[in-house]
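Asks: What follows is a predicted structure for the sequence shown.
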Amino acid sequence: MHSIQTLRPLCIRLAVAFVFAVVSLLAKARAEEPIATDSPLTEQLFVEADSSKIDIDSLYAKILALEEAELKRTTEELKKKSESEKAPKTWSERSKEKWTVKLGGHVQIDSINWADASPSIVAAPPIPGPENYVSFRRLRLVADGTGYGVYDFRLQITLEPETVGDSQGGNTTANIKDAYVSVNEIPGFGRMRLGHFFVPFSLEQVTNDTNNIFLERSIPTQGIFAADREIGVAFYN
């Protein structure tokens, strides 16, 4: 790095000297030709030679100034970078942050339209046979949020009648899907979650309904080879 910075001004000086020598030789050759001294061409040549000399000197001075400014800027950036790397990592104060709550949800609709069905098809009551219908498969309301920099919570309820209780079409109440609170950045443990949530096993099971390819998960995933939501405590790191 230092050798390049040292050789660069020397190369510039040699280039400027070479250009000036060529201009001087051309001007000397023109002066030795048998042209009248009062010719305007001769005066123009000498004026151009003098002006070229002045322009080259000023250009060289500007180049040196730019080189010095660039070297100074690079040195300051390296110094700031080294100081930031040596600075100790400090904890940021986030305990005064207020709770932020976000409301949301999603709706998924299931429909069947029979083009031509046999009357012998009989479904289990109270669902009728081959009849066209449109119903809610998932009707979810969600509230989640964070607070004090290390806490987060989630509350999700489902309102679709097909999966609520055993009333079979009667009056139903909401069913709780997610209800948990988490504490993050615990030394040695990472994250602790307490409440009703998905057991962290099986990618298909823990993937949100809005990101699944199909409307339903595969049958072996539904409580056979993978657990569903359970009440408990979990540690993640």
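Replies: Alright, I've got the coordinates.
Asks: And the helix or strand harbouring Arg154, how far out from the chain middle?
Replies: Arg154 belongs to strand 151-158 when assigned by DSSP states H and E. Chain-centre distance of strand 151-158: 25 Å, with C-alpha atoms, centre = their mean, to the nearest Å.
Asks: So which elements touch it?
Replies: strand 133-147, strand 175-186 (3 or more C-beta pairs under 8 Å, 6 or more residues apart in numbering; DSSP states H and E). Where you see a C-beta, it was placed from the backbone N, CA and C, and this is true even at glycine.
Asks: Asp110 and Arg137 touch, don't they?
Replies: Yes. Between Asp110 and Arg137 there is a contact under C-beta atoms under 8 Å: 4.1 Å.
Asks: any idea how far the residue nearest the centre of the chain is from Thr221?
Replies: Geometric centre of the chain, nearest residue: Asn211, 19.9 Å, by C-alpha atoms, centre = their mean. Using C-beta to C-beta, to the nearest Å, Asn211 is found at 14 Å from Thr221.
Asks: One more: Leu103?
Replies: 29 Å.
Asks: which one of those two has more residues nearby?
Replies: Set Leu103 next to Thr221 and count neighbours by other C-beta atoms under 10 Å: Thr221 wins out with 17 against 9.
Asks: List the residues that contact that one.
Replies: Residues in contact with Thr221 (C-beta atoms under 8 Å, 6 or more residues apart in numbering) are Ser202, Glu204, Gln205.
Asks: quick one: which of those residues is nearest to Ile63?
Replies: Nearest to Ile63 out of these is Glu204 (C-beta to C-beta; 65.6 Å).
Asks: so how many other residues sit close to that closest one?
Replies: Neighbour count of Glu204, defined by other C-beta under 10 Å: 14.
Asks: hmm, back to that, what is in contact with Asp110 and Arg137 at once?
Replies: With C-beta under 8 Å, 6+ apart as the test, Asp110 and Arg137 both reach Leu215.
Asks: so what's Lys100 scoring on pLDDT?
Replies: Not Lys; residue 100 is Thr. Here, the pLDDT recorded for Thr100 equals 90.
Asks: That one contacts Gly145, correct?
Replies: Yes. Using C-beta under 8 Å, Thr100 is in contact with Gly145, at 5.2 Å.
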